[in-house]
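Visitor: No sequence on hand, only this structure:
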């Protein structure tokens, strides 16, 4: 099975501009494609994960990726999928975030001569002359067509700033620039980027007379239609200092039963033949599927050694042997309430107190009923049925 057909089989392809041409390009290893990443934080998160995996799949098939860091578009902020204006980042924060992205991407993509390259659109966008841009690029767009874009429609009621209105033109300019300077003939992105990507193919056609192509990736949604990759604490980050390896593993270990096989198909590199066999497993093997999903994705992001340790810790937490994850905690008074907050298991003393009163906290083998109970170094603290930590007092 060739790569385009595999992407179809895995459910990764949402929309394409010219299916025949795109199939021939990527199956033949002739795609010089790019995916853009705006540096809105100092770490990539699960929302970026599918794009990174797509890049890896296409590179393994002989295609050449260009990773585009949005050091310039990050000054504006993409309105796609948003109901409000993004926070304005300082130039220093944008540069720092770009560098963090660069380091994380090296785990997924092979960079070097005749391999993948990294570009930063700050190099060409920040020096643009505004009047020249209006004459050179603005004349190729009509406001009527831009306002039909889904990314703008959803913002019109609350108010779309002129700042954000320019984002589509900036992204189209990126594609045109990359086609000239890097030979890019394709752009990939999330399905919410479709309008911006079409703008780029149209600008290239008008300015150079050449064909360029676009393909969007299916958004990772759960069975309820909501984006995956968020928890009560916020985004699931790829940086282990923001989301621990254990928490990352546990996120995938705890996905709903209905979403397991979809995630295995879309996110792992397990061969489709093996996945087909797994689909025939009985319901009694659902936890085995979840362990495979969690282990494979943790291995991709954090490496085999850390993935194995996280799996061992998770099994220990649920009575299957192994070593529980440890949490170093420094508090003046090691009451259960203080330790729950200091360990990040509760957001506040009030939340910790309510959880204890509701019977949701255990220490070692017993329920905590006394809100003044204390924790000793080496004790196992349990929050509900899914969060278990060995506390090391500093």
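Guide: Happy to help now that I have it. Predicted model, so just to flag it, every value in this text is computed and none were measured.
Visitor: Now do the SS call for residue 199.
Guide: Recorded secondary structure, residue 199: helix (DSSP: H, G, I helix; E, B strand; the rest coil).
Visitor: Now it: closest residue in space, sequence neighbours ignored.
Guide: Spatially, and ignoring its direct neighbours in sequence, residue 199 is nearest to residue 172 (4.0 Å; C-beta to C-beta, 6 or more residues apart in numbering). (Each C-beta comes from the backbone N, C-alpha and C, glycine too.)
Visitor: residues in contact with that neighbour?
Guide: Listed by C-beta atoms under 8 Å, 6 or more residues apart in numbering, the contact set of residue 172 reads 137, 141, 196, 199-200, 202-203.
Visitor: Just those: which are in strands?
Guide: Using DSSP state E, no member of the contacts of residue 172 falls in strands.
Visitor: Please tell me which one of those residues counts the most neighbours.
Guide: The most crowded member of the contacts of residue 172, judged by other C-beta atoms under 10 Å, is residue 200 (27 neighbours).
Visitor: excluding its backbone neighbours, what's nearest it?
Guide: According to C-beta to C-beta, 6+ apart, the nearest residue to residue 200 is residue 175 (3.1 Å).
Visitor: and the one you found, how far is that from residue 115?
Guide: Separation of residue 175 from residue 115 (C-beta to C-beta, to the nearest Å) stands at 21 Å.
Visitor: who's more crowded, these two?
Guide: A direct count of neighbours by other C-beta under 10 Å for residue 175 and residue 115 places residue 175 higher, at 26 against 11.
Visitor: host element of that one?
Guide: Counting by DSSP states H and E, the element that carries residue 175 is helix 167-181.
Visitor: Which positions in that helix come out as buried?
Guide: Applying a neighbour-count criterion of 16 or more other C-beta atoms under 10 Å, one finds 167-179 buried in helix 167-181.
Visitor: One more: stretch 305-315?
Guide: Result for stretch 305-315 [16+ other C-beta under 10 Å]: buried residues 306-307, 309-315.
Visitor: and what of stretch 341-355?
Guide: By 16+ other C-beta under 10 Å, the buried positions in stretch 341-355 come out as 341-343, 345-346, 352-353, 355.
Visitor: Likewise for stretch 1-18?
Guide: Quick answer for stretch 1-18 (16+ other C-beta under 10 Å): 3-4, 7, 10, 12-13, 16-17.
Visitor: What is the most widely separated pair among those?
Guide: The widest separation within these, taken as C-beta to C-beta, falls between 10 and 17 and amounts to 20.2 Å.
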